[in-house]
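**Q** coordinates only, sequence not included:
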Ligand code: OOG
Ligand code: NI
């Protein structure tokens, strides 16, 4: 077999996420400010917490802590979705999970393209939450048809990007020069266009139907609408945002502050009103504005089993029955208190979470197992201090949180009712692929770590 000199997909993704970050900081200066705040808070948190610093050094690279973890785009057509799936595949990003946002008043369904497997996630964790507009949920049939015509006429990928996707597929990878060109060409799809694709009356009609529809249909491409670095203390960043001149959304989405973090907590600054122009029937560009782009932060905890997730969903619903977070932030403190209160039944120790099978863990042999003949089942080995466990980090998203992020950035008065209509089959047909089930994936990682620990112990026993 001829040796190839392909650049690893993980490297292409790392280069792409760096390029995307630079472009977005340049396009949205407030995002650069948020990044600064996040680095400061992360540095202060690490400074104050030796244990955290040590555990992060072991499992992560410290200097990459504040780098982006995800971004998001909204697409208009099945064709765009299936091509983006091929584009992300070149960077080692695969569709994981299906999210129906219609239930929460947003006419899209989504997946997350992300690296799969520990080594790839460690090399670069960047993922893109990708939504497809559901024109079928738009009541106005005439508008629906017009929107489809506009979307079908646009091409969101450059010829260079398309050619390199094909080359990567045909040859199995890209060499260094092609990879560099690919990153530059792919980036074009995510760029902001301040000249709309539609005239101002059409923009208004789309906007009146739903702001999200205007955002997807009115532009030449699916501009990246936010990027999200990781923070080690989301409550601190939320509190300090106003000091930096940025307006946070009303509340942090997801679970409350806990000793043992679960799933995902997120917050964002509100989308900015930006100047755009529309070519009107007289041929002149007319100045208007559009609100779409924001910055977000996230803090991740343990991936929950279906049982743990059901409990999370139940408690979140219970908290919202007590207090619904108001868009203007006026009841933020009451909401935080109700959330904390509602979550008391969720155990807050790793032992309990593990023994009640609420979360996924990765198992490994301890130093004490060195030179010892291991015998017994997993629980005995743990009790004897020969095997230990670490929580597996949740790498996916949460539909209720995502809807909260969408809503706060679409204008909070816009909550609109759609009938819940998940259609994963349709989404996968449009995607041209099946999405990976995130629960199966975490369960497999857990099982592999158990098998590896037990077989290492057996191999050692046999060698004695
Ligand atoms: C995506 C919102 C979802 C998240 O972090 O939950 C998301 C969007 O507004 O397009 O990114
Ligand atoms: Ni996000």
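**A** Perfect, I can see it now. Here the structure is a predicted model, which is why all the values come from computation and not from measurement. Ligands and ions are numbered 1, 2, ... in the order given.

**Q** where do the strands sit along the stretch 251-400 of the chain?
**A** 264-269, 273-279, 285-291, 295-300, 361-365, 387-391 (DSSP state E, counting those that start in this stretch).

**Q** return the residues of the stretch 201-350 of the chain in contact with ligand 1.
**A** With C-beta under 6 Å from any ligand atom as the criterion, the stretch 201-350 of the chain meets ligand 1 at residues 225, 266, 296. Bear in mind the C-beta positions are built from the backbone N, C-alpha and C, glycine included.

**Q** mind putting those in CSV, pLDDT and neighbour count included?
**A** Output for these, formatted as CSV (pLDDT from 0 to 100; neighbours: other C-beta atoms under 10 Å):
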residue, pLDDT, neighbour count
225, 95, 24
266, 95, 23
296, 94, 24
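
**Q** ok, so of these, who is nearest residue 83?
**A** Closest to residue 83 out of these is residue 225 (18.9 Å), distances taken as C-beta to C-beta.

**Q** so the closest one is in contact with residue 290, correct?
**A** No. Under the criterion of C-beta atoms under 8 Å, residue 225 makes no contact with residue 290, lying 11.1 Å away.

**Q** what do those two both touch?
**A** residue 215 (C-beta atoms under 8 Å, 6 or more residues apart in numbering).

**Q** check the strands of the stretch 251-400 of the chain for me and report the most buried one.
**A** Of these, the one with the most neighbours on average (mean count of other C-beta atoms under 10 Å) is strand 264-269, at a mean of 25.

**Q** so, in contact with ligand 2 or not, that one?
**A** No. For a cut-off given as C-beta under 5 Å from the ion, strand 264-269 has no contacts with ligand 2; the smallest distance is 6.3 Å.

**Q** biggest helix in the chain by residues?
**A** helix 438-463 (DSSP state H).

**Q** go ahead and confirm residue 37 touches residue 236.
**A** No. Between residue 37 and residue 236 there is no contact under C-beta under 8 Å: 9.1 Å.

**Q** the more surrounded of the two?
**A** Shown here are residue 37 and residue 236; by other C-beta atoms under 10 Å, residue 37 has more neighbours (22 against 17).

**Q** quick check: the residue of the stretch 351-464 of the chain found nearest ligand 1 vs residue 396, distance?
**A** Across the stretch 351-464 of the chain, the shortest distance to ligand 1 (C-beta to the nearest ligand atom) belongs to residue 402, at 3.4 Å. According to C-beta to C-beta, to the nearest Å, residue 402 and residue 396 sit 10 Å apart.

**Q** now do the least confident helix or strand in the chain by mean pLDDT against strand 387-391, angle only.
**A** Every helix and strand in the chain was compared by mean pLDDT, DSSP states H and E; the lowest is helix 50-59, with a mean of 74. Between helix 50-59 and strand 387-391, the angle comes out at 100 degrees (axes from the mean of the first three to the mean of the last three C-alpha atoms, to 10 degrees).

**Q** quick one: distance of the helix or strand harbouring residue 426 to the chain centre.
**A** Residue 426 belongs to helix 424-431 when elements are defined using DSSP states H and E. On the basis of C-alpha atoms, centre = their mean, to the nearest Å, helix 424-431 sits 20 Å off its chain's mean C-alpha point.

**Q** which strands or helices does it pack on?
**A** Of the remaining helices and strands, those touching helix 424-431 by 3 or more C-beta pairs under 8 Å, 6 or more residues apart in numbering; DSSP states H and E are helix 78-90, strand 94-100, strand 108-114.

**Q** the last one to helix 424-431, inter-axis angle?
**A** Calculated by the same axes, to 10 degrees, strand 108-114 forms an angle of 60 degrees with helix 424-431.

**Q** whether strand 108-114 contacts ligand 2 - can you check?
**A** No. Strand 108-114 stays clear of ligand 2 (C-beta under 5 Å from the ion), getting no nearer than 9.5 Å.

**Q** quick one, phi/psi of residue 33?
**A** Dihedral pair for residue 33: phi -60, psi -40, per degrees, to the nearest 10.

**Q** just give the closest residue to it, not the sequence neighbours.
**A** Counting by C-beta to C-beta, 6 or more residues apart in numbering, the nearest residue to residue 33 once its immediate chain neighbours are dropped is residue 244, at 5.4 Å.

**Q** and if you look at residue 6?
**A** Excluding the flanking residues, the one nearest residue 6 by C-beta to C-beta, 6+ apart is residue 173, at 2.9 Å.

**Q** burial measure for the spatially closest residue to residue 391 that is not a sequence neighbour, as a count.
**A** Spatial nearest neighbour of residue 391, excluding adjacent residues (C-beta to C-beta, 6+ apart): residue 302 at 3.7 Å. Using other C-beta under 10 Å, residue 302 has 23 neighbouring residues.

**Q** so residue 302 sits right up against residue 262, yeah?
**A** Yes. Counting by C-beta under 8 Å, residue 302 does reach residue 262; the two are 5.4 Å apart.

**Q** now for the two: what residues contact both?
**A** Common contacts of residue 302 and residue 262, defined by C-beta under 8 Å, 6+ apart, comprise 353, 359, 394.

**Q** contacting residues around the second one?
**A** This means residue 359. Residue 359 neighbours (C-beta under 8 Å, 6+ apart): 262, 302, 303, 304, 305, 308, 353, 391, 392.

**Q** pLDDT score assigned to residue 333?
**A** If you check residue 333, the pLDDT there is 89.

**Q** for residue 346, see how far away it is.
**A** 21 Å.

**Q** these two: who's more crowded?
**A** With neighbours defined as other C-beta under 10 Å, residue 333 and residue 346 compare such that residue 346 has more, 21 against 11.

**Q** what's the spacing between the more buried one and ligand 2?
**A** 23 Å (C-beta to the ion, to the nearest Å).

**Q** try residue 132
**A** In terms of C-beta to the ion, residue 132 sits 16 Å off from ligand 2.

**Q** specify the beta-bridge partners of that residue.
**A** residue 75, residue 109 (DSSP bridges).
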